[in-house]
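Undergrad: generate coordinates for the sequence data below:
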Amino acid sequence: MEYQTLELRVEDGAALVRLNRPEVKNALNTQMRAELLHAVKLAEAEARVLVMTGAGDAFCSGQDLSDRGTAANIDIERTLRDEYTPLLRAIYECRIPVMAAVNGAAAGAGASLALAADVVVASERAVFVQAFSRIGLIPDAGSTYWLPRQVGFAKAMGAALFAEPISARQAEAWGMIWEAVPDDGFEAHWRARMAHLAQGPTVTYGLVKKALREGFDNNLDEQLALEARLQGKCGTTRDFREGVLAFIEKRPANFEGR
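TA: Down below sits the predicted model:
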């Protein structure tokens, strides 16, 4: 597929997707959503980690309000159901780690896109804005699911009602993101994080995601049983055997992702 709204590069086990509509701060239109969905599925098949970032000075400004059909009569429910939901599920259910390298503003559905990732690394100049109420909408694209789980009910409610920018450092302190990084050296930092995940035990990473997510709905006995079952799967992998051998031999592990 030839991409018009993003760039995809796959090398050394890592897939890098760069949203590439800087003239509109990488706003999401119908074409970008379709291309991003294709890129996520391709990355899942061909790479061991997926990183999303933005071109220019923004990560993603959310829904492109000038996109065709985005007038007052737009069928928002259909757009969310048919275009956003498949994309967000593909990111959330991706078998490999997904990282958002938030290089600038992430607003509205752009913030949702970042929060859908497994881990978020943000530049200190980045801000997160639940901007929906500014145009008479509720948070969508998964924000009402992810945000309360990450920051708690009170802060999620305040972020939604006031629609105030949340700085990267504030987001880090709240637990919304993994880390905020100084602008100087930001790309080098997230690229090092990307390389670490690309060289790690890929099957294990996928099971980590499953265990942590199901823990929200399980009671203790259910979660302990899930841990045992998933750990049993980890114990059958080549990477587990390599990890133990590397520990005994006091050398770095050479994981192969299987």
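
Undergrad: export the longest helix seen in the chain as CSV, just CAs?
TA: With secondary structure taken from DSSP state H, the chain has its longest helix at helix 30-46. Only the C-alpha atoms of helix 30-46 are listed here, as CSV (Å, rounded to 0.1, in the frame of the first residue of the first chain):
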residue,chain,number,x,y,z
THR,A,30,-10.7,9.2,6.8
GLN,A,31,-7.7,8.4,4.7
MET,A,32,-5.3,8.6,7.6
ARG,A,33,-7.4,6.3,9.7
ALA,A,34,-7.5,3.7,6.9
GLU,A,35,-3.8,4.0,6.3
LEU,A,36,-2.9,3.8,10.0
LEU,A,37,-5.0,0.7,10.4
HIS,A,38,-3.2,-1.0,7.5
ALA,A,39,0.2,0.1,8.9
VAL,A,40,-0.6,-1.3,12.4
LYS,A,41,-1.6,-4.7,10.9
LEU,A,42,1.5,-4.8,8.7
ALA,A,43,3.7,-3.9,11.7
GLU,A,44,2.2,-6.6,13.8
ALA,A,45,3.0,-9.2,11.1
GLU,A,46,6.5,-8.0,10.3
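
Undergrad: so where's this structure uncertain?
TA: The chain contains residues with pLDDT under 70 at 68-74.

Undergrad: now for the residue lying closest to residue 108 once chain neighbours are set aside: which residues touch it?
TA: Excluding its sequence neighbours, the residue lying closest to residue 108 (CB to CB, 6 or more residues apart in numbering) is residue 62, at 2.7 Å. Where C-beta positions appear, they are placed from N, C-alpha and C, glycine not excepted. Shown in contact with residue 62 (CB atoms under 8 Å, 6 or more residues apart in numbering): 27, 28, 107, 108, 109, 110, 111, 131.
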